[in-house]
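# What shape does this take:
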Amino acid sequence: MNKTMMTYFKDEDILHVVISDEKESGSIELSPNITAELNEKGELIGIEILEASTFIRDTILERAQAKLLGLVTA
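Below you'll find the predicted structure:
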C-alpha cells in the first residue's frame, strides 16, 4: 500500500489510520486512547485513536492557543 488511508467510525468515535496493509503483529499504547500498530519487524503500520473527536478538538485548541500566545512560530 502506497497511500495512507484514514477511516472514521462515527458510532464508536474511533479514527483508524492505515500506513501499510501489512499484517499487524503487535501494538503499543502511546498514550491513553492512542495505539500504534506494528508489523512483525516492529515497524509502524497504523494508528488507532479512541475518542477521536475529543482528541482532535483538544489538539487543535492547544495548537491555536499556543500560536496566539506566541509559544510557537510555525
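
# Can you give me the end-to-end span of stretch 35-54?
One end of stretch 35-54 sits 16 Å from the other (Cα to Cα, to the nearest Å).

# what do you get for stretch 4-14?
16 Å.

# where does Tyr8 fall, phi/psi-wise?
phi -110, psi 130 (degrees, to the nearest 10).

# ditto for Asn33
Main-chain torsions, Asn33, degrees, to the nearest 10: phi 80, psi 0.

# Adjust the sequence numbering to begin at 56 for everything that follows.
With the count now opening at 56, the last piece we talked about shows up as Asn88.

# Give the closest residue to it in space, chain neighbours not counted.
Nearest residue to Asn88, sequence neighbours excluded (Cβ to Cβ, 6 or more residues apart in numbering): Leu105, at 4.0 Å. Where C-beta positions appear, they are placed from N, C-alpha and C, glycine not excepted.

# Could you verify my assumption that that neighbour touches Ile69?
Yes: with contacts counted by Cβ atoms under 8 Å, Leu105 reaches Ile69, the gap being 5.7 Å.

# And for the least confident helix or strand in the chain by mean pLDDT, what's in contact with it?
In the chain, no helix or strand scores lower on mean pLDDT, DSSP states H and E than helix 107-123, which sits at a mean of 93. Among residues not part of helix 107-123, those counted as contacts by Cβ atoms under 8 Å, 6 or more residues apart in numbering are 63, 68-70, 88-89, 104, 127.

# got the residues you listed as a markdown table, with secondary structure columns?
Output for the contacts of helix 107-123, formatted as a markdown table (DSSP: H, G, I helix; E, B strand; the rest coil):
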| residue | secondary structure |
| --- | --- |
| Tyr63 | strand |
| Asp68 | coil |
| Ile69 | strand |
| Leu70 | strand |
| Asn88 | coil |
| Ile89 | strand |
| Ile104 | strand |
| Val127 | coil |
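
# Scan those residues and report the most crowded one.
Ranked by the number of neighbours (other Cβ atoms under 10 Å), the contacts of helix 107-123 place Ile104 first, at 21 neighbours.

# Please name the residues that touch it.
By Cβ under 8 Å, 6+ apart, Ile104 lies in contact with 69-72, 88-89, 110.
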